[in-house]
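Chemist: the amino acid sequence is not available; the structure is as follows:
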């Protein structure tokens, strides 16, 4: 779309849908002026800090992906990183930033599936969200650095989760039930994503080297649909779904081992029988606080969700 790459067709409400864009478009997006209490975190600074820290820590970026919405007022960056540890999945680093008070700055280490670029995140990898106040523009360096230093540990954990899901038989009837719960109960996916998942279950777009009646295949059908998620919710959608799968499948099968060093939001250690409980307590501890804070920052933008696709 050349010079107007991130300027999509306006919706009936006058807003734009998320789309892939370029680094130059994000860098050139006009900065907001929300008064003295709001600290702007420029997309350019996030991009520069992320790429410099990845390089300084020995990570080689193989691909850069950027998405934006509403004239780049909400933006997302995803970096695929070179890795030889797993043939199917590479490592990734992702961030989300906004200029419109709709969400905090967020960053996380995760993984992506080589064949389709589907993302993979879980709670302890996406537990940082910085409100746009005070020295937020300076704090991002520390937080991005902290995530990157733990990258190999997080990546190894996701590889293990993937291998565990491969061991679980998940017939289509149960897959359909899970899709219904993700839509009606958990509200992680919307109607368009339900349609996308249904189509993938019938005729997959990619070969995941697993049977159709397999938990790993189903996982990828859902994360494929997350490509339709708004940049504002993409990271939390990934986390909530991963913890949903952890609670519903991995824990019940006894395959998902708990991190013995994990401490919840109240400072309580959780080591029971070596697996997560059926309530998926890790994501609840992390996401409840994150979602609450994001809602506080978005109080002037309560109708933003109307434009999620």
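Modeler: Nice, I can see it. Note that the coordinates shown come from a computational prediction; the quantities given were computed from them, not determined experimentally. Numbers count the residues shown, from 1 in each chain.
Chemist: okay, now the unreliable bits of the stretch 51-200 of the chain?
Modeler: For the stretch 51-200 of the chain, the stretches flagged by pLDDT under 70 are 70, 123-138.
Chemist: which parts of it are helices?
Modeler: Secondary structure of the stretch 51-200 of the chain (DSSP state H, counting those that start in this stretch): helices at 136-149, 151-165, 172-184, 191-202.
Chemist: what would these look like in TSV with mean neighbour count?
Modeler: Yep, even glycine has a C-beta here, placed from its N, CA and C like the rest. Shown next, in TSV, are those (neighbours: other CB atoms under 10 Å):
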stretch	mean neighbour count
helix 136-149	17
helix 151-165	18
helix 172-184	15
helix 191-202	16
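Chemist: wait, which of those helices is closest to residue 104?
Modeler: helix 136-149 (8.6 Å; CB to CB).
Chemist: now do residue 30: how many residues are near it, please.
Modeler: Per other CB atoms under 10 Å, the neighbour tally for residue 30 reads 9.
Chemist: sorry, wrong one. I was asking about residue 82.
Modeler: The criterion is other CB under 10 Å. On that basis, residue 82 has 12 neighbouring residues.
Chemist: so who does it touch?
Modeler: With CB atoms under 8 Å, 6 or more residues apart in numbering as the criterion, the residues that contact residue 82 are 59, 60, 61, 62, 90.
Chemist: so how far is residue 153 from the last one?
Modeler: The spacing between residue 90 and residue 153, counted by CB to CB, to the nearest Å, is 16 Å.
Chemist: closest one to residue 143 out of the contacts of residue 82, please.
Modeler: Nearest member of the contacts of residue 82 to residue 143, counting by CB to CB, is residue 59, at 16.5 Å.
Chemist: check the gap between that closest one and residue 225 for me.
Modeler: 28 Å.
Chemist: now do residue 30
Modeler: The span separating residue 30 from residue 225 equals 32 Å under the rule CB to CB.
Chemist: could you say what helices and strands the helix or strand hosting residue 224 packs with?
Modeler: When elements are assigned from DSSP states H and E, residue 224 belongs to helix 215-225. With contacts defined as 3 or more CB pairs under 8 Å, 6 or more residues apart in numbering; DSSP states H and E, the packing partners of helix 215-225 are helix 151-165, helix 172-184, helix 191-202, helix 231-245.
Chemist: number of nearby residues for the residue lying closest to residue 80 once chain neighbours are set aside?
Modeler: Taking CB to CB, 6 or more residues apart in numbering as the measure, residue 80 lies nearest to residue 63, with 4.0 Å between them; neighbours along the chain are not counted. Number of residues near residue 63 (other CB under 10 Å) recorded here: 13.
Chemist: so which residues of the stretch 1-150 of the chain form strands?
Modeler: Read by DSSP state E, counting those that start in this stretch, the stretch 1-150 of the chain holds these strands, from start to end of the chain: 19-21, 61-69, 74-81, 89-98, 105-113, 119-120, 128-130.
Chemist: and residue 180, which of these is closest to it?
Modeler: Evaluated with CB to CB, these place strand 119-120 nearest to residue 180, the distance being 22.6 Å.
Chemist: contact partners of that closest one?
Modeler: By CB under 8 Å, 6+ apart, the list of residues contacting strand 119-120 reads 78, 89, 92, 94, 110-113, 158, 161-162, 223, 226, 234, 238, 242.
Chemist: looking at those, spot the one nearest residue 140.
Modeler: Distance ranking of the contacts of strand 119-120 against residue 140, using CB to CB, places residue 94 first at 13.7 Å.
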